[in-house]
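[1] need the 3D shape of this:
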Amino acid sequence: MLTRNFGIEIEFTGVTREKAARTVAEHLEGSIRKTNGNYKVVGPDGRTWQVVYDGSLRCQRKVNGQRTSAGREYSVEIVSPILTYQEDIKSLQELVRKIRKAGGFVNNSAGIHIHLNGADHTPKSLRNFVNIIYSRNDLLYNSLQIEPSRIRYCKALDEKLVERMKKKRPTSFKEIEDIWYEGYYQGRSRHYHDSRYHFLNLHSFFNGVGTVELRGFNGSLHAGKIRTYILLALAMNNQALTQKSASTKKPQIENPKFAMRTWLNRIGFIGDEFKNPREHLVKHLEGSAAWRFQDLA
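    Predicted structure coming up:
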């Protein structure tokens with residue numbers, strides 16, 4: 001699962017886009033090009049990183065150590081090129097640390113979006129992905145502590161959508177696309193289509209981007225948390241791709257922390273590489289990670 005391509009969008013404030021672009025360029029030893037207030041940074045490997053404005057961010061900066069309102073130039077979203085975990089994670093984490101050291105920070109309006117390579121997927125694996133996210137909705141939202149102010153941008157999957165998928169059993173991308181957009185009155189080609197604002201976004205898959213997007217992550221400039229989010233996205237993606245089928249049934253959970261730990265083990269969070277990510281993902285859940293029934297602990 002660690003060999004599959006992904007991209008990441010990291011939203012933050014605290015510094016201007018110009019300063020963020022300079023930080024990215026210095027880290028990559030790349031060149032900067034400015035266009036209409038946004039920036040592109042081209043690294044020595046030819047890959048392009050974008051530093052762009054995001055209208056959903058509440059812009060702030062620090063004055064005498066206190067956060068205060070700031071202008072639009074303090075709205076920053078870094079959009080990565082295509083990355084792979086094994087080749088790029090250490091550099092990405094170091095870049096995040098440098099952004100924070102330069103003065104970047106997040107507030108509850110910021111989020112992280114992870115894009116997964118849609119070319120890997122089949123109609124069956126897309127259905128699996130929908131079912132995996134739906135069946136683990138409660139566990140994921142509690143684990144990730146999604147900010148209430150961000151819920152409208154990463155809503156839980158609609159039960160009606162899942163039921164339509166289950167009933168119609170689509171076998172082609174076109175059938176899944178029709179089910180995904182059912183009930184919306186906007187044109188499907190619209191970039192900011194309302195269907196995109198879910199934890200799992202397939203609008204990006206159908207609208208020319210060609211990726212499966214996961215939007216259920218709070219903004220962070222904590223390098224360890226960002227690594228955790230990427231690993232979770234890759235693991236769920238791999239489960240969708242490799243599992244024969246996935247159920248929509250929500251598991252009975254007596255002990256959330258134990259349920260998360262056992263599920264993470266099942267989707268590949270095993271070994272030292274995943275030790276800290278496991279800790280991040282069970283930290284906010286109630287119960288015992290060691291015992292299914294808490295009265296045995």
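
[2] what helix or strand is residue 39 on?
    Using DSSP states H and E, residue 39 maps to strand 38-42.

[3] brain fart, residue 22
    Going by DSSP H and E, residue 22 is in helix 17-28.

[4] buried ones in that helix, by neighbour count?
    By 16 or more other C-beta atoms under 10 Å, the buried positions in helix 17-28 come out as 17, 19, 20, 21, 22, 23, 24, 25, 27, 28. All C-beta spots, glycine's among them, are computed from the backbone N, C-alpha and C.

[5] secondary structure class for the residue lying closest to residue 157 once chain neighbours are set aside?
    The spatial neighbour of residue 157 that comes closest, neighbours along the chain excluded (C-beta to C-beta, 6 or more residues apart in numbering), is residue 134 at 4.7 Å. Classification of residue 134 by DSSP: H, G, I helix; E, B strand; the rest coil places it in helix.

[6] can you list the weak-confidence ranges in the protein?
    In the predicted model of the chain, residues 288-297 satisfy pLDDT under 70.

[7] for it, which helix extends over the most residues?
    Of all segments of type helix in the chain, defined using DSSP state H, the longest is helix 223-242.

[8] and whichever helix or strand comes after that one, what does it pack against?
    Sequence-wise, the next helix or strand downstream of helix 223-242 (DSSP H and E) is helix 256-266. For helix 256-266, the helices and strands in contact under the criterion 3 or more C-beta pairs under 8 Å, 6 or more residues apart in numbering; DSSP states H and E are helix 137-144, helix 275-282.

[9] compute the inter-axis angle for helix 256-266 and helix 223-242.
    Counting by axes from the mean of the first three to the mean of the last three C-alpha atoms, to 10 degrees, helix 256-266 points 60 degrees away from the direction of helix 223-242.

[10] now do helix 256-266 against helix 137-144, angle only.
    Inter-element angle recorded for helix 256-266 and helix 137-144: 100 degrees (by the same axes, to 10 degrees).

[11] what separation do you get for the residue lying closest to residue 75 once chain neighbours are set aside and residue 140?
    Using C-beta to C-beta, 6+ apart and skipping residues adjacent in sequence, the residue nearest residue 75 is residue 57, 4.4 Å away. Note on residue 57: its distance to residue 140, by C-beta to C-beta, to the nearest Å, is 23 Å.

[12] what does residue 112 give?
    Look at residue 112 and residue 140: by C-beta to C-beta, they are 14 Å apart.

[13] what does residue 49 show for phi and psi?
    Note on residue 49: backbone dihedrals following degrees, to the nearest 10 are phi -100, psi 140.

[14] got a markdown table for the helices and strands packed on helix 256-266, with mean neighbour count and distance to residue 169 too?
    Output for the helices and strands packed on helix 256-266, formatted as a markdown table (neighbours: other C-beta atoms under 10 Å; distance: least, C-beta to C-beta, whole Å):
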| stretch | mean neighbour count | distance to residue 169 |
| --- | --- | --- |
| helix 137-144 | 18 | 21 |
| helix 275-282 | 17 | 32 |
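
[15] which of those sits closest to residue 103?
    For residue 103, the closest of these is helix 275-282, at 24.4 Å, according to C-beta to C-beta.

[16] other SSEs contacting the closest one?
    helix 137-144, helix 223-242, helix 256-266.

[17] tell me the most buried of those helices?
    Looking across the helices and strands packed on helix 275-282 with neighbours counted as mean count of other C-beta atoms under 10 Å, the highest average goes to helix 223-242: a mean of 21.

[18] possible to save the helices and strands packed on helix 256-266 as TSV with distance to residue 210?
    Listed next are these as TSV, based on distance: least, C-beta to C-beta, whole Å:
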stretch	distance to residue 210
helix 137-144	24
helix 275-282	27
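
[19] and those helices: which comes nearest residue 53?
    Checking these against residue 53 by C-beta to C-beta gives helix 137-144 as the closest, at 25.4 Å.

[20] could you identify the helix or strand that succeeds that closest one?
    The first helix or strand that comes after helix 137-144 along the chain, using DSSP H and E, is helix 159-168.

[21] can you give me the buried ones in that next one?
    In helix 159-168, counting by 16+ other C-beta under 10 Å, buried: 161, 162, 164, 165.
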